[in-house]
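> Quick check, what structure comes out for this input:
(one chain, ligands or ions: 1)
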Amino acid sequence: MNSIAQSAARPDAFVWRIRVYFEDTDMGGIVFYANYLKYFERARTEWLRACGVSQRALTEASGTMFVVRGTALDYHAPARLDDWLEITTRVGRIGRASVDFEQQAWCEGKLLAGGTIRVGCVDRTTMKPAAIPSDTFAALNVGPSMGPPDDDPPDGEPSRGPLVAARQD
Ligand SMILES: CC(C)(COP(=O)(O)OP(=O)(O)OC[C@H]1O[C@@H](n2cnc3c(N)ncnc32)[C@H](O)[C@@H]1OP(=O)(O)O)[C@@H](O)C(=O)NCCC(=O)NCCSC(=O)c1cc(O)c2ccccc2c1O
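Reported below is the predicted structural model:
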């Protein structure tokens, strides 16, 4: 189950579970290092969704978007075909125009990889730094309290209706 606060290793973190498929592995049979960036990207997207933030709605409503500004990852142990990974996501810092995410990949209680991903908010026309819109900023500060999107179809639109740029409560 994907959920908030389900990880024994990081009880304060949002958890997104991902199965390792053959396409994720290299000729040594372990997950290729760059694929952890994709796992972390998916988990961040779901973290934002659980905060009530849709990246598409954000861009359409405010003309801003998030881009990856920096990555600093360490790899501690390999993941293999069919493993279930727990990707944990928590926010380390929220600036005016950037957010530092602390993300880790765990398997059966063992830390496999982790580090910090800095995401910057930019104006999508100029691609220059832009302040995070206030409603999105507020939603990020509250965090993912909407609950897990378990009821969403895996490859389709959310079943509970379109998400807005930021939660309204
Ligand atoms: C991202 C950059 C435009 C940042 O520019 P710069 O490097 O100059 O800025 P800093 O990061 O050093 O400093 C930010 C800092 O500036 C302040 N600030 C400046 N102007 C403003 C302003 N107008 N309003 C508010 N604040 C401003 C502010 O104080 C900031 O400090 P804080 O700490 O308070 O935040 C630039 O670095 C750049 O263009 N980098 C390249 C980006 C890139 O190409 N990334 C890879 C491809 S994008 C990508 O992979 C990607 C990932 C996703 O997750 C996506 C998700 C959804 C849609 C698309 C995605 C996507 O494309």
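> which stretches of the chain form strands?
3-4, 14-19, 64-75, 84-94, 98-107, 110-123 (DSSP state E).
> Export those as CSV, with columns for mean neighbour count and distance to S54.
(Glycine included, C-beta is placed from N, CA and C.) CSV is the format used below for the strands of the chain (neighbours: other CB atoms under 10 Å; distance: least, CB to CB, whole Å):
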stretch, mean neighbour count, distance to S54
strand 3-4, 18, 18
strand 14-19, 21, 16
strand 64-75, 15, 11
strand 84-94, 19, 17
strand 98-107, 22, 16
strand 110-123, 18, 15
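> Mean pLDDT lowest where, among those?
Lowest mean pLDDT within the strands of the chain: strand 3-4, at a mean of 49.
> Hmm, R44 and R90 touching each other?
No. In this structure R90 lies outside contact range of R44 using CB atoms under 8 Å: 10.8 Å.
> Which neighbours do these two have in common?
F101, Q103 (CB atoms under 8 Å, 6 or more residues apart in numbering).
> Is W84 bridged to anything, and to what?
Note on W84: beta-bridge partners by DSSP bridges are R19.
> State the distance from it to R17.
Separation of W84 from R17 (CB to CB, to the nearest Å) stands at 6 Å.
> can you check G92 too?
G92 is 22 Å from R17, by CB to CB.
> Neighbours of F137, how many?
16 (other CB atoms under 10 Å).
> Residues of this protein that sit close to the ligand?
41, 55, 65-69, 95-98, 120, 122, 127-131 (CB under 6 Å from any ligand atom).
> Next up, phi/psi of Y21, please.
phi -100, psi 170 (degrees, to the nearest 10).
> For the closest residue to it other than its chain neighbours, give me phi and psi.
Closest residue in space to Y21, ignoring its immediate chain neighbours: L81 at 7.5 Å, by CB to CB, 6 or more residues apart in numbering. Main-chain dihedrals, L81, degrees, to the nearest 10: phi -50, psi 130.
> Quick one: residues contacting L81.
Contact partners of L81, counting by CB under 8 Å, 6+ apart, are V20, Y21, F22, T25, G29.
> Output the strands of the chain in TSV, with distance to N35 appended to each entry.
Below are the strands of the chain laid out as TSV (distance: least, CB to CB, whole Å):
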stretch	distance to N35
strand 3-4	23
strand 14-19	10
strand 64-75	11
strand 84-94	10
strand 98-107	10
strand 110-123	10
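> Of those, which is nearest R49?
strand 14-19 (10.1 Å; CB to CB).
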